[in-house]
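coords please:
(chains A and B)
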Amino acid sequence: MSTGQGGRRVLVVWCPDWPVVAAMAEDGDTKPDAVTAPAAVLAANTVVACNEAARSEGVRRGMRRRDAQSRCPELRLIENNPDRDARAFEPVVVAVEELRPGVAPLRPGLLAVHAPGRFYGGEGSAGALIAEQLVRTGVWDCRIGIADDLFTAEQAARQAHPQDTVVVEAGGSAAFLRELPVSVIDDAEVAGLLRRLGLRTLGDFAQLDGGDVQARFGGYGAKIHRLARGEDDSRLGARTPPPDLECQIRFEPPLDTVEAISFSVRRTAERFVTQLAARGLVCTEVLIEAECDHEIASSRVWAHSRWFGAADLVDRVHWQLRGQLRSTSGGMGVSAPVELVRFVPDTVEPTAAHAAGLWGGGTDERVERAVARVQGMLGHQAVTVPAVQGGRSPGDRQAFVPWGERPVGLRPAELPWPGSLPPPAPARIYTEPRPVAVVDQRGRLVWVSERGVVSAPPARFRTSDDGGTGGTGGSRGSGGSRGWQPITAWAGPWPVEELWWENPASWVARFQIVGVDGRAWLMTCADDGWYIEAAYD
Amino acid sequence: MIDLTPLEHVFDDERVTVLRRDQAEAVLARAGFAAQPVELVAVLPALRTLLGGLRRGQVVAVEGAGVLPLALLAGATAAGTWSAVVGLSEFGVLAAADLGADLGRVVLVDDPGDQWAEVVAVLLTAVELVLVQPPGQVGGQLARRLVALARRHGSALVCVGDWEGAQTRLRVASSLWVGAGQGDGHLRGRRVRVEAAGRGSGARPRSAWLWLPGPDGTVSGADLEALEAAG
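This is a model prediction of the structure:
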């Protein structure tokens, strides 16, 4: 069995350092000169991918962040995000699919397809055509390999130059693989074992007797042995293009009020939900688009804490268009009558995963309805779910996630945050710090040196607006004469360099200050004076 | 397991056919199974001497925002009750979580603007505890309408600030932070005396010494006897 595909040859497209390319593309840096700056993608402080520029500076996969930065100080660090890699690879898959259906994405950055044969004028020119198509979609570094089997084709692609194609002739797999080092096997353990056995190249390994390999290394070893002999028999799991589950409705004539649009999309929303349900799916994230004048005027992805019902979709259309109709003055918005509304499923999940939600449990139905009414009154963003996250200042340590959306981008609270204050946490956190004056025994303003030394023990404080510190129930006055309140105890400073309010990175020191009335405050000494950030009361 | 031995003689005594309810409850309470009557929204154990629980349809006015309203929220959500927070723009999320609040059962509307009463009215129909900080004193028609709504839907209303005709008023009468010195240490806990005053059945003013919060982050009793007993 020299060609397990029944004579069908395999074409592999490889985009090297894909996580880096994907991150750059997402930032809009697709120009080739952006690629010349060294960049690396890190997961858990370890380099998982880096580009050629970084490699030439000595950065390697598996290196720790500190080591990578010491070799290449100007290295651009990018957080690992497998979702982003897959997302960015999707246009590449589609671009190849346009030329040749039956594309099998193997992982982000690597895809395989049956080689087109003679149709595009031979395999070499088919590769060139695909490369050209990919360059047009913004992928500069793509390499193509064509061979009898998947493994050889991938190795051929790895040998190719950027935008070039390496073709291994039919029946030439074993000869092509013979000279390659065993390290090309995508399993470091196996590769290391073979090296220790004195087998340096795939050719050495291929010469062993198949039966012996099977007996010594089992089925897995035998499979790798077959790969090395160019007898890869794995079939391409070609992807079927996703079924068209999007639904749209066209308004004739176009509608210009949100109420009319919301009313008219109801049937379409129901069709969208039932169509998914018929496939055993529910939609948890949906893209809603509205078109005016043949252009997409409004587009937004909505997430749901459970899954979207028809009424939820109508609500989202209402919020999205109402918000945008309101902000027509500010550039992009819905300025003309809407002629089309489209629902595109962004994330679908099997119904089984949400069975608890379907049969009671999950979020209380009553609460959902009440929240929807409040959102109708005040807007989608007005109702939130509080969440705890990591950070230094008390304000940084909390987040408010809009109801129904999934918390994304929260800082992990488990990490140590140097400079953060020990518990207890303050009960009230001012949305905007309030100015306060803190003076020592002789009435001079207290300040903190860069080394964290306090000029003199703080003795009294006074807020500029006295009602502020009193809070809502502050019937007890601030005690001392002319609004000055004596300080009975204080702790700190906790110095930290951070984004203080609207100023760029500057240096602040935090104090816990207890007034004579028994209430405690979190005060901050910044460059331009003292502020009350939060109240412990 | 509940130790039922004190109850057995009641069963043995053939003359007693009906258990006296208060007797049974006392036994259950001693066994640590204080039956939480359903008409109450749960509060943290340390607050029970002061409040018993939040009666549904009741308004509790808390003087001054701070730890006390957060503690009420923590007690309710920790018992699995849905709660809503309206108008507390300075809500300290971490402080509430440290007191034991289940943030997944909190609906927050921090800036309802002048529609706060409508928002409270909607939420009273759905959640069992609404914590609201109105822009000013609430009284007259509006207060009565919201209370009627709370009573109909069996939810409790906690108002930060003053509420005309509130059944219970809570205030922190004295407070002492411990832990901070003169530039050393850090805040660890606060010992407070909380006073509860009420109308009707709860007319007798009560007060309790509490750690709010204690050095371990929770709310606990801080009576002098309790402190001495602890050493």
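
tell me which element A:Val436 falls in.
Per DSSP states H and E: A:Val436 is located in strand A:428-439.

Check whether A:Gly390 sits in a helix, strand or coil.
Three-state call for A:Gly390 (DSSP: H, G, I helix; E, B strand; the rest coil): coil.

so who does it touch?
Going by CB atoms under 8 Å, 6 or more residues apart in numbering or on different chains, A:Gly390 touches A:396-397, A:411-415, A:417. In short, each C-beta sits where N, CA and C put it, glycine included.

For B:Leu50, state which of these is nearest.
A:Arg397 (29.7 Å; CB to CB).

from memory the closest one sits against A:Ala425, does it?
Yes - counting by CB atoms under 8 Å, A:Arg397 touches A:Ala425, with 7.2 Å between them.

list the residues that contact both of the two?
B:Leu94.

who has more neighbours, the two?
In this view A:Arg397 and A:Ala425 are compared by other CB atoms under 10 Å in any protein chain shown, and A:Ala425 has more residues nearby, 26 against 23.

tell me the contacts of the more buried one?
Contact analysis of A:Ala425 by CB under 8 Å, 6+ apart lists A:394, A:397, B:92, B:94-95, B:98.

if we go to 10 Å?
Contact partners of A:Ala425, counting by CB atoms under 10 Å, 6 or more residues apart in numbering or on different chains, are A:388, A:394, A:397-398, A:522, A:534, A:536, B:67, B:70, B:92-99, B:213, B:217.

that's a helix at it, yeah?
No - looking at A:Ala425 with three-state DSSP, it is coil, so not inside a helix.

who does the lengthiest helix in chain B touch, helix- and strand-wise?
With secondary structure taken from DSSP state H, chain B has its longest helix at helix B:140-153. Packing partners of helix B:140-153 (3 or more CB pairs under 10 Å, 6 or more residues apart in numbering or on different chains; DSSP states H and E): strand B:59-62, helix B:116-124, strand B:129-132, strand B:156-160.

between these, which gets nearest to chain A?
Of all the helices and strands packed on helix B:140-153, helix B:116-124 sits nearest to chain A, with 4.9 Å by CB to the nearest CB.

What angle do strand B:156-160 and the longest helix of chain B make with each other?
Relative orientation of helix B:140-153 and strand B:156-160, computed by axes from the mean of the first three to the mean of the last three CA atoms, to 10 degrees: 140 degrees.

what's the angle between helix B:140-153 and helix B:116-124?
10 degrees.

just for chain B, where's the confidence low?
B:1-38, B:200-204, B:224-231 (pLDDT under 70).

related to what we said a few turns ago, got a markdown table for the helices and strands packed on helix B:140-153, with mean neighbour count too?
Listed next are the helices and strands packed on helix B:140-153 as a markdown table, based on neighbours: other CB atoms under 10 Å in any protein chain shown:
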| stretch | mean neighbour count |
| --- | --- |
| strand B:59-62 | 25 |
| helix B:116-124 | 22 |
| strand B:129-132 | 28 |
| strand B:156-160 | 26 |
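
Quick one, which of the ones you listed gets closest to A:Glu349.
Closest of these to A:Glu349 is helix B:116-124, at 29.5 Å (criterion: CB to CB).

helices or strands next to that closest one in the packing?
Applying 3+ CB pairs under 10 Å, 6+ apart, one finds that helix B:116-124 contacts helix A:365-378, strand B:83-86, strand B:106-109, strand B:129-132, helix B:140-153, strand B:156-160.

how about residue 120, what does it touch?
By default, I'm working from chain A. Contacts of A:Tyr120 (CB under 10 Å, 6+ apart): A:99-100, A:126-130.

not quite, I wanted chain B
Counting by CB under 10 Å, 6+ apart, B:Val120 has contacts A:374, B:84, B:86-87, B:109, B:112, B:130-132, B:134, B:138, B:142, B:146, B:149-150, B:157, B:159.

quick one: it and B:Ala65, what's the gap?
Going from B:Val120 to B:Ala65 by CB to CB, to the nearest Å gives 16 Å.

in the stretch 251-400 of chain A, which spans are helices?
Secondary structure of the stretch 251-400 of chain A by DSSP state H, counting those that start in this stretch: the helices cover A:258-264, A:266-278, A:310-326, A:355-358, A:365-378.

scratch that, chain B
Taking DSSP H, the helices of chain B run over residues B:5-12, B:21-30, B:48-51, B:67-78, B:93-98, B:116-124, B:140-153, B:224-230.

related to what we said a few turns ago, neighbour count and secondary structure added to the contacts of A:Tyr120, as TSV?
Shown next, in TSV, are these (neighbours: other CB atoms under 10 Å in any protein chain shown; DSSP: H, G, I helix; E, B strand; the rest coil):
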residue	neighbour count	secondary structure
A:Leu99	17	helix
A:Arg100	18	coil
A:Ala126	24	helix
A:Gly127	27	helix
A:Ala128	17	helix
A:Leu129	17	helix
A:Ile130	24	helix
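
With distance to chain B and pLDDT as added columns, please give these in a markdown table.
What follows is the contacts of A:Tyr120, written out as a markdown table (distance: CB to the nearest CB, whole Å; pLDDT from 0 to 100):
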| residue | distance to chain B | pLDDT |
| --- | --- | --- |
| A:Leu99 | 49 | 80 |
| A:Arg100 | 48 | 77 |
| A:Ala126 | 54 | 84 |
| A:Gly127 | 53 | 85 |
| A:Ala128 | 56 | 87 |
| A:Leu129 | 53 | 86 |
| A:Ile130 | 49 | 87 |
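
Return the residues of the stretch 251-400 of chain A in contact with chain B.
Within the stretch 251-400 of chain A, the positions near chain B by CB under 10 Å from any CB of the partner chain are A:363-378, A:381-389, A:391, A:394-395, A:397-400.

in terms of contact, does A:Gly145 touch A:Trp14 like I think?
Yes - with contact defined as CB atoms under 10 Å, A:Gly145 reaches A:Trp14; the gap is 7.1 Å.

between those two, what contacts are shared?
A:112, A:153-158, A:160.

Now compare those residues and name the two farthest from each other.
Longest span within those, CB to CB: A:Ala112 and A:Ala160, 14.6 Å.

Settle it for me: which of the two has more neighbours?
A:Ala112 (25 against 21).

sorry, back to before: if you compare the helices and strands packed on helix B:116-124, which one is most tucked away?
Ranked by mean neighbour count, the helices and strands packed on helix B:116-124 are led by strand B:129-132 with a mean of 28 (mean count of other CB atoms under 10 Å in any protein chain shown).

so how far is that strand from its chain's centroid?
For strand B:129-132, the separation from the chain centroid amounts to 11 Å (computed by CA atoms, centre = their mean, to the nearest Å).

Which other helices and strands does that strand contact?
Applying 3+ CB pairs under 10 Å, 6+ apart, we find strand B:129-132 packed against strand B:59-62, helix B:67-78, strand B:83-86, strand B:106-109, helix B:116-124, helix B:140-153, strand B:156-160.

export those to TSV and tack on distance to A:Phe263?
Shown next, in TSV, are those (distance: least, CB to CB, whole Å):
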stretch	distance to A:Phe263
strand B:59-62	40
helix B:67-78	38
strand B:83-86	30
strand B:106-109	27
helix B:116-124	23
helix B:140-153	30
strand B:156-160	36
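
which residues of the stretch 151-300 of chain A score low on pLDDT?
In the stretch 151-300 of chain A, residues with pLDDT under 70: A:233-243.

Nearest to chain B within it, name that residue for me.
A:Thr284 (17.5 Å).

residues touching A:Val135, list them.
A:Val135 makes contacts with A:95, A:141-142, A:162-163, as judged by CB under 10 Å, 6+ apart.

go on, A:Cys142?
Contact analysis of A:Cys142 by CB under 10 Å, 6+ apart lists A:13-16, A:21, A:92, A:95-96, A:109, A:111, A:127, A:130-135, A:157, A:160, A:162-165.

got it, and A:His304?
Taking CB under 10 Å, 6+ apart as the test, what A:His304 contacts is A:282-286, A:312-313, A:316, A:347, A:404-406.

number of nearby residues for A:Arg519?
A:Arg519 has 24 nearby residues by other CB under 10 Å.

how about it, phi and psi?
Dihedral pair for A:Arg519: phi -100, psi 150, per degrees, to the nearest 10.
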